[in-house]
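Enquirer: any chance you could fold what I've pasted below:
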Amino acid sequence: MRCFDHIDLRVPDLDSVREFYGALLPRLGFTEDMNIPGWLQYCAKGNGPTEFFGVTQSPGHTPNENRIAFVASSMAEVEEIAQILREIGARNIEGPSHEDSEAYYGVFFEDPAGNRLEVCYRAKN
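Expert: Numbers count the residues shown, from 1 in each chain. As a prediction, this is how the structure comes out:
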């Protein structure tokens, strides 16, 4: 069962994040570019409707303290994505590291517009 349908993220300038999300979202499992005018929108593969991550322009948008966290399948995947983040211009990268327990491993970062994101792995106890 899916736990969410979609995320619509706002940025002040869509062109400033296009390359960033075009490189990041497919690596996180959102592999199908929907090619919708005025949006960067990527869906996860699946039969029938599936979750998607969309980014659109809102000139007055300012980032806040909200954070969107994506799941990784392993600590190694968190490490791989952290390297990709360094290459594609993520800002304020923290980690990867364990947070609060050895069962949680993540990397925290901001997109080029300052939106807060994270990729994490939770080990089974």
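Enquirer: would you confirm that Ser58 contacts Leu9?
Expert: No. At 9.5 Å, Ser58 does not count as touching Leu9 under the criterion of C-beta atoms under 8 Å. C-beta here means a position set from N, CA and C on the backbone, and glycine is covered the same way.
Enquirer: between these two, tell me which one has more neighbours.
Expert: Taking neighbours as other C-beta atoms under 10 Å, Ser58 and Leu9 compare with Leu9 leading, 19 against 14.
Enquirer: list the residues that contact that one.
Expert: Neighbouring residues of Leu9 by C-beta atoms under 8 Å, 6 or more residues apart in numbering: 53-56, 68, 115.
Enquirer: the closest residue to Glu118 other than its chain neighbours: neighbour count?
Expert: Nearest residue to Glu118, sequence neighbours excluded (C-beta to C-beta, 6 or more residues apart in numbering): Ala69, at 4.1 Å. Other residues within reach of Ala69, judged by other C-beta under 10 Å, total 12.
Enquirer: quickly find the element holding Ala69.
Expert: strand 67-71 (DSSP states H and E).
Enquirer: mind listing residues that contact that strand?
Expert: Against strand 67-71 from outside (C-beta under 8 Å, 6+ apart): 7, 9, 28, 106, 108, 115-122.
Enquirer: which among those residues end up buried?
Expert: 9, 28, 106, 108, 115-121 (16 or more other C-beta atoms under 10 Å).
Enquirer: turn these into a markdown table, columns for pLDDT and distance to Gly95.
Expert: A markdown table is the format used below for the buried ones among the contacts of strand 67-71 (pLDDT from 0 to 100; distance: C-beta to C-beta, whole Å):
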| residue | pLDDT | distance to Gly95 |
| --- | --- | --- |
| Leu9 | 97 | 21 |
| Leu28 | 95 | 16 |
| Gly106 | 96 | 6 |
| Phe108 | 97 | 6 |
| Asn115 | 98 | 17 |
| Arg116 | 98 | 13 |
| Leu117 | 98 | 12 |
| Glu118 | 97 | 9 |
| Val119 | 97 | 9 |
| Cys120 | 96 | 9 |
| Tyr121 | 96 | 11 |
